[in-house]
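# From the sequence below, what's the structure:
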Amino acid sequence: TSAVKRNREVLKSLIKCLQFCGRQGIGLRGHRDDDTDNFLNKGNFKALIQFRIDAGDKVLETHLSNCSRNATYTSKTSQNDLLLCMKEFIQNEIVNEIKNQDIGPYFGIQCDEVRDSSNWEQLGLVVRYLKHFTPVERLLEFVPCIQTTGEAI
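Numbering: from 1, shown residues only. Just a heads-up that it's a prediction; the model follows:
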């Protein structure tokens, strides 16, 4: 139906904003990400949404001006849900590249423990494989590390 098509276009615009932030390595949220206060900086994600509207994204503009307040798909919860979908899509693409190698499938897994900015220990999992006979490395996931001993990792 036309409503489904319109919703897909809205989500496409929102996902492009998320992709942009991810590819540029910039954060999504400002000091406050909700719409309860009039903060000037609502974050990069919402600024990009406004930029798209200013640049002529009529589907997104119509959606945000006509939808109910709880159906904007711009909340931090919606952002996290969309990011999780994007993560799973990318992981599936990587797995399919590995499975569809010209030879193989051959791959190696590398991992290393890292501490993030919040002082949480994480294990970064990287997969290394051949794509058109050229070695590539892709970050597959960060896994929480409860302990940093060799045995626990």
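# rest of the way, CA atoms for contacts and neighbours
Will do.
# which intervals of the protein have sub-threshold pLDDT?
Residues of the chain that meet the criterion pLDDT under 70 lie in 30-40.
# now the strands for it?
For the chain, the strands defined by DSSP state E occupy 107-115, 121-131, 134-144.
# Of the ones you listed, flag the one that's most buried.
strand 121-131 (a mean of 18; mean count of other Cα atoms under 10 Å).
# What distance do you get for residue 87 to residue 51?
In this view, residue 87 and residue 51 are 25 Å apart by Cα to Cα, to the nearest Å.
# cool, and residue 41?
13 Å.
# What of residue 112?
Distance from residue 112 to residue 51, by Cα to Cα: 38 Å.
# before we move on, what about residue 103?
Distance of residue 103 to residue 51, computed by Cα to Cα: 45 Å.
# And for residue 126?
The gap separating residue 126 from residue 51 is 35 Å, by Cα to Cα.
# Next: residue 86.
22 Å.
# My understanding was that residue 115 contacts residue 122; is that so?
Yes: the pair residue 115 / residue 122 is scored as a contact, 6.0 Å apart, by Cα atoms under 8 Å.
# which residue packs closest to residue 44, ignoring adjacent ones?
Of all residues not flanking residue 44 in the chain, residue 28 sits nearest, at 5.0 Å (Cα to Cα, 6 or more residues apart in numbering).
# check contacts around the one you found.
Counting by Cα atoms under 8 Å, 6 or more residues apart in numbering, residue 28 touches 18, 21, 43-46.
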